[in-house]
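Q: sequence and predicted structure are below.
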Amino acid sequence: MKLITAIIKPFKLDDVKTALQAFGVTGMTVSEASGFGRQRGHTEVYRGAEYTVDLVPKVRLEVLVDSPDAEKVIDVIVKAASTGSIGDGKVWSTPVESVVRVRTGERGVDAI
Amino acid sequence: MHFDTGDTAWILASAALVLLMTPGLAFFYGGMVRGKNVLGMLAQNFVTMGIVSVLWITGVYSLAFSGKGKLIGDLHQFGLNHIWQQATGFESLTIPPLVFCAFQLMFAIITPALITGGSADRMKFGAWVVFCALWLIVVYAPVAHWVFSPSGWLFKLGAEDFAGGTVVHANAGAAALALVLVLGKRKGWPKERMRPHNVPFVLLGAGLLWFGWFGFNAGSALGANTLSAYAFVNTNTATGAALLAWILTEKLRDGHATTLGAASGAVAGLVAITPACGFVSPMGSIAIGIAAGVICCLATGLKTFFKFDDALDVVGVHLVGGIAGALLIGLLGTKMTNGAGANGVLYKGGWTLMGHQAVAVIAVVAYSFVVTYILAKILDKVMGLRVSEEQEVAGMDLSLHAETAYENSSFSDGSRFLSSQQSAN
């Protein structure tokens, strides 16, 4: 099993969610995040004094998938989240040792 | 004694308008501090309304307006004794003396409240309470007497201050500078930038100030008449001009016209027209507004240059704006607006009025700075003015008042992001 983590532009969340649902993904976790990469932050000015805001708001989306699906899910996210401009984000996958569904106690792929 | 009901009604309404300025100021300042200190700022302003309301009628009104002393009043009207008698030199007023006392009370409230913008984010609440009470007695009462009371030495000299450019604004600005020097800088200033946590509050506060200022300035005619109409129109015109001048200065210097700049410009204009509103023409008020907008916008850079942490620019806006307005009367004063006034340089009055204005400015600023500095030093030795470093980092709201303004802790450092998220990067 793999955990796919994607950091994307907030306004792209709906597109990515729709694309993943169309692909057949049944669940995901979304949280607000902030950070910077090549896009860097922005500058604000108050009474002439400059304030640099390093961290840009982003959305973090996490999906648990069966290992054979991982690369396909990554492709779906990348396609849906892309605008072609700087700050589109990143997607990565990490191996997951075990997964349990809390309600039923099912384990492994059955719990996804 | 003949009382005019129209005059009396207007001054009672004006007194209420001026009271509203202090909560307005609290929001103007409160929006500019970081989210962990907003209640501390509101609390200092609200407690000032309590302290001054009680002290003023008890004895400070008498010290400021009773008696024939040139430097200070007397205690003839202590506890509002003999309040049926008009204040010395105000015998021809057409409003009851108690109405005049109530109107002047509201000025005495907002003047110390203005100082809180300089000392923001680091002064103990109890220390502020004691400082405010003593400052009212040793600084505000004598200065108000010098300038506002016809027996005061600056009034007798011929210095003009219609509604308090020297008594209120230059006075509070000089006091803020002295207090800031005794308190020291906020932890992290100027390296760490301290971003205003709620600019909409600042605009809300500026709007309330602008509204209340009509009572402050037009009410200072002490009647409902042509002079109060001049003060009203001059106040509004100068404020508009200063707002435009400030954002234009910003646009040319920084590339953006900001909402904070619009609010600051409006307040700078209100400050500068305060002493002049009953002595200049509406065209003159445009000149004063433009001058105030440009000068005060540039003057907010003084603190960075000279390294004094005047947190919310009380020096840049109130000291500099108050002085500018007081001196510009020397140029723009005209008897066409106010027969009791004098003509300035541009109205063929020569430099006499300018000389009187300069003396008033120097005397008020020097007295306020020196006495405030000594008072702050003594209080610092006796009770300590400043919160501990740990309290300062935690914020005034939590450490002094056991409250927080916002449920979402991500507002606590004035940044929109949790500090834990920042350190994770």
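A: On my side now, so go ahead.

Q: surely B:Gly344 and B:Lys335 touch.
A: No - using Cβ atoms under 8 Å, B:Gly344 is not in contact with B:Lys335; the gap is 9.8 Å. All C-beta spots, glycine's among them, are computed from the backbone N, C-alpha and C.

Q: the more surrounded of these two?
A: Between B:Gly344 and B:Lys335, B:Gly344 has the larger neighbour count (other Cβ atoms under 10 Å in any protein chain shown), namely 28 against 14.

Q: in chain A, which spans are strands?
A: A:2-8, A:29-35, A:42-46, A:49-53, A:56-65, A:89-95 (DSSP state E).

Q: the last one to strand A:56-65, inter-axis angle?
A: So the one you mean is strand A:89-95. Calculated by axes from the mean of the first three to the mean of the last three Cα atoms, to 10 degrees, strand A:89-95 forms an angle of 30 degrees with strand A:56-65.

Q: contact residues of the stretch 201-350 of chain B facing chain A?
A: Counting by Cβ under 8 Å from any Cβ of the partner chain, the stretch 201-350 of chain B comes close to chain A at B:250, B:253-256, B:258, B:260-261, B:264, B:297, B:300-301, B:304, B:313.

Q: in the stretch 101-250 of chain B, what residue lies closest to chain A?
A: Here the stretch 101-250 of chain B gets closest to chain A at one residue, B:Arg193, 4.5 Å apart by Cβ to the nearest Cβ.

Q: ok, that residue - how many residues close by?
A: For B:Arg193, the tally of surrounding residues (other Cβ under 10 Å) stands at 15.

Q: once you drop chain neighbours, what's closest to B:Val99?
A: Closest residue in space to B:Val99, ignoring its immediate chain neighbours: B:Ile11 at 5.2 Å, by Cβ to Cβ, 6 or more residues apart in numbering or on different chains.

Q: can you show me the helices along the stretch 1-150 of chain B?
A: Using DSSP state H, counting those that start in this stretch, the helices of the stretch 1-150 of chain B run over B:5-32, B:38-55, B:61-65, B:97-115, B:125-135, B:141-148.

Q: which residues touch the fifth one?
A: Counting contacts by Cβ atoms under 8 Å, 6 or more residues apart in numbering or on different chains, the residues outside helix B:125-135 that touch it are B:40, B:43-44, B:47-48, B:51-52, B:55, B:112, B:115-116, B:119, B:123, B:175, B:179, B:372, B:375-376, B:379, B:383-386, B:396, B:400-401.

Q: the bottom helix or strand of chain A by mean pLDDT?
A: Every helix and strand of chain A was ranked by mean pLDDT, DSSP states H and E. The lowest is strand A:49-53, at a mean of 84.

Q: output the contacting helices and strands for that strand.
A: Secondary-structure packing of strand A:49-53 (3 or more Cβ pairs under 8 Å, 6 or more residues apart in numbering or on different chains; DSSP states H and E): strand A:42-46.

Q: and the angle for the strand it packs on with strand A:56-65?
A: 140 degrees.

Q: and A:Ile77, how far from chain B?
A: Between A:Ile77 and chain B the distance, using Cβ to the nearest Cβ, to the nearest Å, works out to 22 Å.

Q: that residue contacts A:Ala19, correct?
A: Yes - applying Cβ under 8 Å, one finds A:Ile77 in contact with A:Ala19, separated by 7.4 Å.

Q: quick check on the two: which one has the bigger neighbour count.
A: Between A:Ile77 and A:Ala19, counted using other Cβ under 10 Å, the more crowded position is A:Ile77 (26 against 18).
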